[in-house]
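K.L.:
Just to be clear, the model below is a prediction. Sequence and coordinates:
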Amino acid sequence: MIDLGLSKLAIIGVVALIVIGPEKLPKVARMAGTLYGRAQRYLHSVKTEVSREIELEELRNLHKEVQDSAASFRDEVHQTVHGHVQEVEALFDGQEGKDTASYDPGAYDGMPTILPTTDDLERKARDFRRKKLVRTSSVPAWYKNRHGTKRHVMSGAARVRKYRPASATTSSKSFF
């Protein structure tokens, strides 16, 4: 950029005053300011458009890299699965010639299966209904009275007044 100091701007102003004249100088200065503002806005829009295009190109490259890595991973998984399937088929083919009656594919899943009984299901349903009732409804007042639970919320000041010893609340001495 051009290095314009205060002294250079003063010289330009004096030359403009002499060449243009004092009557037209405010109009020219106003027009120069508006043209300068338009030029700044245009340069800003060009810069943002260029940066947007650069970011878009980077995103396209990143998208292509991700797709390539996903395709290579997919191919690798397919090859591994195909290899394992061939191994299992080879084992089954080798097993057919031997004693196949002793092989039961459903004999062991890795985890024992425990089927719930009807009593377990009824108990779970009862507990669910009880918990849902507690969550969705308020506790009746007669139940609170019988079991001694709190019925009212008490502020801190009210609690102090209620539980303060009697000698501190009723003093016979007067300050005056």
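P.N.:
Good, I have the coordinates. For clarity, every value in this text was computed on a predicted model and none was experimentally measured.

K.L.:
Check which element follows the top helix by length along the chain along the chain.
P.N.:
In the chain, taking DSSP state H as the definition, the longest helix is helix 25-96. Helices and strands here follow DSSP states H and E; after helix 25-96, the next one along the chain is helix 118-136.

K.L.:
Can you name every helix or strand that the longest helix of the chain contacts?
P.N.:
helix 6-20 (3 or more C-beta pairs under 8 Å, 6 or more residues apart in numbering; DSSP states H and E). Every residue, glycine included, has its C-beta placed from N, CA and C.

K.L.:
which helices and strands does the helix it packs on pack with?
P.N.:
Contact partners of helix 6-20 among helices and strands, from 3+ C-beta pairs under 8 Å, 6+ apart: helix 25-96.

K.L.:
roughly how far is the helix it packs on from the heart of the chain?
P.N.:
Here helix 25-96 is found 22 Å from its chain centre; the criterion is C-alpha atoms, centre = their mean, to the nearest Å.

K.L.:
Just the angle for it relative to helix 6-20, thanks.
P.N.:
Using axes from the mean of the first three to the mean of the last three C-alpha atoms, to 10 degrees, the direction of helix 25-96 lies 130 degrees away from that of helix 6-20.

K.L.:
any idea how far the spatially most central residue of the chain lies from V66?
P.N.:
Among the residues of the chain, L59 comes closest to the average C-alpha position under C-alpha atoms, centre = their mean, at 22.2 Å. Counting by C-beta to C-beta, to the nearest Å, the gap from L59 to V66 is 10 Å.

K.L.:
Counting neighbours, what do you get for D68?
P.N.:
When neighbours are counted by other C-beta atoms under 10 Å, D68 registers 10.

K.L.:
ok, now the one 3 residues further on?
P.N.:
Taking other C-beta under 10 Å as the neighbour definition, A71 ends up with a count of 10.

K.L.:
Find me the pLDDT at it, would you?
P.N.:
Predicted confidence (pLDDT) at A71: the value is 94.

K.L.:
same check, this time on K64
P.N.:
At K64, the model reports a pLDDT of 94.

K.L.:
One more: E122?
P.N.:
E122 is assigned a predicted lDDT (pLDDT) of 87.

K.L.:
now swap in the one 3 residues further on and tell me
P.N.:
We have a pLDDT of 82 for A125.

K.L.:
From R146, how far out is it?
P.N.:
When C-beta to C-beta is the yardstick, A125 and R146 sit 27 Å from each other.

K.L.:
pLDDT below threshold where in the chain?
P.N.:
Scanning the chain for pLDDT under 70 picks out the ranges 1-2, 96-113, 132-141, 144, 148-152, 167-176.

K.L.:
try 90
P.N.:
Per-residue confidence for the chain (pLDDT under 90) gives these ranges: 1-26, 28-29, 32-33, 88-176.
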